[in-house]
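Student: would you be able to build a 3D model of this:
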Amino acid sequence: MRNNIFYHLAPVFRVTLFIFLCFVCVLPFGLVVQLNLLPPAPNQLLADISAQASLVVVVISASLMIFRILPYLDFYAIFVRKEKALSGFLKGSVIGLVFMGLCALLLYLNGNVSFSLKNIAVSAVLLYLVYFLLIAVFEEMLFRAYPLFAFAERYPVWFTIFFNGILFALAHFGNPNFTALGLFNILLAGVLFCIYTLQRKNISWAIGIHFGWNFTQGVLLGYNVSGNEMPGALKATPIGSTYLSGGAFGIEGSIFCTALLMVWIAWLIYRKGFGEIEIYDPQVKHHLHEDE
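Tutor: Okay, here's the model as predicted:
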């Protein structure tokens, strides 16, 4: 019974270790900032890009440390695969763009948003492309790579997906203009990204959808992204009740987004289920063999 408890708690310990290693890897970057060892960025956007690039390095470094501790793992095992990675990313980006466009169209037709033209420099658009790409890579590597794998190996896949979505939502809990509906929609988005990752066995799809989702919502449509204000080619002005328009949280705070996400997730599960996990841990293989 004792061994059984440790067996089932192993994912919790291992993901906690992964998060700890992320904090360890953050320390050198924090030291550089505190000691002013680098010249200041010329503007806030470049500073944000630099910070996001650092976080990508952090999460990749923590993953490499995990591979040293658990030598049977590598990037391929945790869904970071080069096979069809570019096509998966591009298709995911289009899917994210179309989804956000559809949400915005429904809000517009229902009278819950008005759009006005804004001026945004081409250079700013290109920089935001890099910025949102780095955000997507960091957050997907943080949530849908090793942590998703670690829990899915030992726990039921449906539970792992739901739990991962909760963690993803809680990570956005401190965002400005927070709403309960916005938190729930981010949970659903986390569930969606998990399903794509497990079904496609490649994190590139989730990165693409995440990137297309944020870039379209913020830079193309001019909505706030998870409560954060963004300059865009358009300026979206919410109209009416917050639960309909999304309010200052953005499209993610709208019930229209909720409905479309639930339909999308249900369709994916209906077609291919929750996805599957490949077993790499020798202890899990032994445990499954004993159960047969």
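Student: burial of Val56, as a residue count?
Tutor: 18 (other Cβ atoms under 10 Å). Where C-beta positions appear, they are placed from N, C-alpha and C, glycine not excepted.
Student: so for stretch 73-92, mean pLDDT?
Tutor: Stretch 73-92 carries an average pLDDT of 96.
Student: can you pull out the residues in contact with it?
Tutor: Residues outside stretch 73-92 that contact it (Cβ atoms under 8 Å, 6 or more residues apart in numbering): 63, 66-67, 141, 144-146, 148-149, 196-197, 200-212, 278, 280.
Student: do stretch 201-210 as well
Tutor: Residues contacting stretch 201-210 (Cβ under 8 Å, 6+ apart): 78-81, 83-86, 88-96, 99, 135-137, 139-141, 144-145, 192-194, 196-197, 275, 278.
Student: ok, back up a step: which of the contacts of stretch 73-92 are buried?
Tutor: Among those, those classed as buried by 16 or more other Cβ atoms under 10 Å are 63, 66-67, 141, 144-146, 148-149, 196-197, 200-212, 280.
Student: strands of the stretch 51-200 of the chain, start to end?
Tutor: 113-117 (DSSP state E, counting those that start in this stretch).
Student: where do the helices sit along it?
Tutor: Remark: helices assigned in the stretch 51-200 of the chain by DSSP state H, counting those that start in this stretch are 85-109, 122-143, 146-154, 157-170, 180-200.
Student: now Ala152: how far from Val24?
Tutor: As for Ala152, its distance to Val24 is 25 Å (criterion: Cβ to Cβ, to the nearest Å).
Student: ok, those two, which is more surrounded?
Tutor: Neighbours around Ala152 and Val24, counted as other Cβ under 10 Å, are more numerous at Ala152. The numbers are 26 against 13.
Student: what residues are up against the more buried one?
Tutor: Neighbour list for Ala152: 160, 198, 277 [criterion: Cβ under 8 Å, 6+ apart].
Student: what about Lys235, how many residues nearby?
Tutor: Using other Cβ under 10 Å, Lys235 has 15 neighbouring residues.
Student: do you know how far it is from Phe215?
Tutor: Counting by Cβ to Cβ, the gap from Lys235 to Phe215 is 16 Å.
Student: and what of Ile69?
Tutor: With Cβ to Cβ as the criterion, Ile69 and Phe215 are 35 Å apart.
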